[in-house]
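[1] Below: sequence and its predicted model.
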2 protein chains.
Amino acid sequence: MTKKKSREPVEAGHTVEAAEPGEARDVPEAGEAGEAGEAGGAREPAAPAGQAFERVLRWVDDRILGGELRVGDHLPPERELAKTLQVSRAAVREAVRTLQAQGVVRSAVGAGAAAGTTVTAVPAHALTRLLRLHVALANFPLPDVVEVRISLERLSARLAARHASPDDVAGMQQLLDHMAQPGIEREEFNDADTAFHVAIAASAGNLLAADLTAAIRESMRLPILDRFRRIDAWEGVIDELRHDHEAIYAAITDGQADDAARLIEDHIRRAWQTLGSGEAP
Amino acid sequence: MTKKKSREPVEAGHTVEAAEPGEARDVPEAGEAGEAGEAGGAREPAAPAGQAFERVLRWVDDRILGGELRVGDHLPPERELAKTLQVSRAAVREAVRTLQAQGVVRSAVGAGAAAGTTVTAVPAHALTRLLRLHVALANFPLPDVVEVRISLERLSARLAARHASPDDVAGMQQLLDHMAQPGIEREEFNDADTAFHVAIAASAGNLLAADLTAAIRESMRLPILDRFRRIDAWEGVIDELRHDHEAIYAAITDGQADDAARLIEDHIRRAWQTLGSGEAP
DNA sequence: AGGCGCCTAGTGGTCAGACCACTAATCCGA
DNA sequence: TCGGATTAGTGGTCTGACCACTAGGCGCCT
């Protein structure tokens, strides 16, 4: 039953040691010799080992949820982790890919402190990927997404009206200027539009709301662009959007939280209606 | 290394064939040292370069975003996909793990239609994992999470007041009864509490809001339980929570959307304050 | 003829070992 | 003393093999 193991009082070292400080890990031939991995044994599954890569995942999860692994810490080298958990390196790599897909770790080749697999915390990319795929799979219908987006951006606008720093405001102003350029292309306008909304969310000081807003807006990028292209009265639509943005910006800089929330909701709802019907006012 | 053969007539597949007719099968050949870092231009990504598993990821992404791969469709068998994309099977598996971590595919061994890797759409688990890890990493501070949760649940409560079906309502009632049991344990109460909030979100008919609510609530499970355990005046707290729930339930069944939204916000805010300070009213 | 069970094929799951590319630290000769 | 070559350690990839599982077919036995 070597599967029960773990639970070593790790600690020590900056990189979460995988084996006892005294080395001597070696293969725990303790009974049950033979059989690599549990494979054949239909005996008592004392440890819900399940898939090999899940054991690695569990190992990392436990240490993250337990606070032993923090942002910036290193995971043990893949080869060492494989030996410790008695799985193949391939299994370790699959687990690492899973963690990578969730924005929890980052891998780098080479030598030195910068190399190896380190714990990070960049969920924005992961969230974006996840939402984009599921929106594309029609699992999250666009109207649902829009409603959630409104809720989040109401929150962001409200907080931004209270907490936006001068730098934040300057960034928004710059994006407004960008969108004000005459004859701006639809795609470029859309990107600046997205950046404007994300800037508001970022200035709100709520990391989760900001990341979710960015992910949601990005997940709608292709559908929105499709609708943009189908619009005939482009100039009329864009003017309306600009006007909305100006009003939102004014409310935020004036610290009018309720107004900002109301305006951004109206803005999103109206824009969505315009795009949805493909007509200009 | 012996790069011979590579003829293999790819038999027709009913499951999104991998080889496109007339595709430019240009082998990247690895070489080209120096181009690392995505040279500025590169508008036409003729050479995916990047990592091997990313090529697989891209292949699947393109087909999902393009609508060729829909929920229920099968990916080609790993061995076939590897041969088609000229990568190793290990690389394919790493990409599959990434997709699996995002709730986009599901793998099953065996033979027949149920086996193989199929496209699914179960993002709830993936979202939960992602949020839980990032909350544990203190990347998403709990106060931020609570604010977002309030926004989402306001939306859910509002929609639930309009759309909740009799079955939904019955489910909520059942959870209320469960929580009303005298002497209920804290953990059990917490689970029922979570289920109650998730039931509201589910009855709202907004899939994204429901999944996000469930994920957020679950990501806070351990921190909330910790606070629960530190509470002395447990009976007083639990009574207050029960009272809140009853009021929310009443507003939803009465179709009072605004009331439901206000009540659930007050409820969450008050509960969080109570838990945060560790004191009973 | 009808079961019933063994066998086969196809799939993901895992493993072992090897080599490559990259990077930081170190060594060694000029 | 200095600078290039070497080394060591890391992730990235590949190859080829075997295992476990499942559906479906085949053949043997009743």
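    The structure has been received and is ready for your questions.
[2] who in chain A is up against DNA strand D?
    A:39-40, A:75, A:77-80, A:89-90, A:93, A:96, A:107-111, A:115-117 (Cβ under 7 Å from any atom of the strand). In short, each C-beta sits where N, CA and C put it, glycine included.
[3] Among these, which lie within strands?
    Among those, the members found in strands (DSSP state E) are A:Ser107, A:Ala108, A:Gly116, A:Thr117.
[4] And the residues of chain A next to DNA strand D, which of them are buried?
    A:Leu75, A:Pro77, A:Glu78, A:Glu80, A:Ala90, A:Arg93, A:Val96, A:Ser107, A:Gly116, A:Thr117 (16 or more other Cβ atoms under 10 Å in any protein chain shown).
[5] For A:Ala52, state which of the residues you listed is nearest.
    Lowest distance from A:Ala52 to those (Cβ to Cβ) belongs to A:Ala90, with 8.5 Å.
[6] need the contact list for the closest one.
    Applying Cβ atoms under 8 Å, 6 or more residues apart in numbering or on different chains to A:Ala90 gives the contacts B:Ala90, B:Arg93.
[7] try the one 3 residues further on
    A:Arg93 is in contact with A:Glu78, B:Ala90, B:Glu94, counting by Cβ under 8 Å, 6+ apart.
[8] Can you verify my assumption that the first one contacts A:Ala115?
    No: no contact is recorded between A:Glu78 and A:Ala115 when judged using Cβ atoms under 8 Å, the distance being 11.7 Å.
[9] and of the ones in strands among the residues of chain A next to DNA strand D, the nearest to DNA strand C?
    Nearest to DNA strand C among these, counting by Cβ to the nearest atom of the strand, is A:Ala108 at 7.4 Å.
[10] partners of the closest one in the sheet?
    Per DSSP bridges, residues listed as beta-bridge partners of A:Ala108: A:Gly116.
[11] so how far is A:Val96 from it?
    12 Å (Cβ to Cβ, to the nearest Å).
[12] Now do the shared contacts for the two.
    Residues touching both A:Ala108 and A:Val96 comprise A:Thr117, with contact defined as Cβ under 8 Å, 6+ apart.
[13] A:Gly72: helix or strand, and which one exactly?
    Assessed by DSSP states H and E, A:Gly72 sits outside every helix and strand.
[14] Can you report how many residues neighbour it?
    By the criterion of other Cβ atoms under 10 Å in any protein chain shown, A:Gly72 has 10 neighbours.
[15] the strands in chain A, which residues?
    A:105-108, A:116-119.
[16] give me phi/psi at A:Arg70?
    Dihedral pair for A:Arg70: phi -120, psi 170, per degrees, to the nearest 10.
[17] mind listing what it touches?
    Per Cβ under 8 Å, 6+ apart, neighbours of A:Arg70: A:Val119, B:Leu137, B:Ala138.
[18] Which residue, other than its chain neighbours, is closest to A:Met220?
    A:Val145 (6.3 Å; Cβ to Cβ, 6 or more residues apart in numbering or on different chains).
[19] Show me which residues of the stretch 1-150 of chain A sit near chain B.
    Proximity of the stretch 1-150 of chain A to chain B (Cβ under 8 Å from any Cβ of the partner chain) is limited to residues A:53, A:61, A:64-65, A:67, A:70-71, A:90, A:93-95, A:97-98, A:100-104, A:119, A:121, A:123, A:126-127, A:129-130, A:132-134, A:136-141, A:144-145, A:147-148, A:150.
[20] Can you tell me which of the residues you listed are buried?
    When the residues of the stretch 1-150 of chain A next to chain B are checked for burial by 16+ other Cβ under 10 Å, the buried set is A:53, A:61, A:64, A:90, A:93-95, A:97-98, A:100-104, A:119, A:121, A:123, A:126-127, A:129-130, A:132-134, A:136-137, A:139-140, A:144-145, A:147-148, A:150.
[21] Kindly identify which of those residues also come near DNA strand C.
    Checking these against DNA strand C (Cβ under 7 Å from any atom of the strand), the matches are A:Phe53, A:Ala90, A:Glu94.
[22] from these, which is closest to chain B?
    A:Glu94 (4.5 Å; Cβ to the nearest Cβ).
[23] just checking, that closest one touches A:Arg55?
    No: using Cβ under 8 Å, A:Glu94 makes no contact with A:Arg55, being 11.0 Å away.
[24] which ones are touching A:Gln173?
    A:Gln173 sits in contact with A:Tyr249, where contact means Cβ under 8 Å, 6+ apart.
[25] Could you pull out the buried residues of stretch A:251-266?
    A:Ala251, A:Ile252, A:Thr253, A:Gln256, A:Ala257, A:Asp259, A:Ala260, A:Ala261, A:Arg262, A:Leu263, A:Ile264, A:Glu265.
[26] how about it, does it get close to chain B?
    No: remark: stretch A:251-266 sits outside contact range of chain B, by Cβ under 8 Å from any Cβ, the gap being at least 10.3 Å.
[27] Give the rounded mean pLDDT of that stretch.
    Stretch A:251-266 carries an average pLDDT of 97.
[28] contacting residues around that stretch?
    Contacts for stretch A:251-266 (Cβ under 8 Å, 6+ apart): A:150, A:153-162, A:164, A:169, A:172, A:200, A:203, A:244, A:247-248.
[29] Just the buried residues out of those, in ChimeraX syntax.
    Remark: buried members of the contacts of stretch A:251-266, expressed as a ChimeraX selection using 16+ other Cβ under 10 Å:
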select /A:150,153,154,155,156,157,158,159,160,161,164,169,172,200,203,244,247,248
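[30] Mind splitting chain A into its structural domains?
    Split into domains by the TED database, chain A comes to A:49-119, A:124-277.
[31] do you know which of those domains lies nearest B:Ala233?
    Relative to B:Ala233, the nearest member of the domains of chain A by Cβ to Cβ is domain A:49-119, separated by 28.2 Å.
[32] ok, A:Trp229 - how many residues close by?
    For residue A:229 the amino acid is Arg, not Trp. A:Arg229: 11 neighbours (other Cβ under 10 Å).
[33] Hmm, it is touching A:Arg186, no?
    Yes: counting by Cβ under 8 Å, A:Arg229 does reach A:Arg186; the two are 6.5 Å apart.
[34] What pLDDT is listed against the residue nearest to A:Glu246 when sequence neighbours are not counted?
    Spatial nearest neighbour of A:Glu246, excluding adjacent residues (Cβ to Cβ, 6+ apart): A:Leu176 at 6.8 Å. Listed pLDDT for A:Leu176 reads 97.
[35] Could you pull up the contacting residues of A:Leu176?
    Going by Cβ under 8 Å, 6+ apart, A:Leu176 touches A:Phe196, A:Arg242, A:His245, A:Glu246, A:Tyr249.
[36] Now do it against A:Arg270, distance only.
    18 Å.
[37] Up against DNA strand C, what does the stretch 51-200 of chain A have?
    Residues of the stretch 51-200 of chain A lying near DNA strand C (Cβ under 7 Å from any atom of the strand): A:51-54, A:86-91, A:94, A:109-115.
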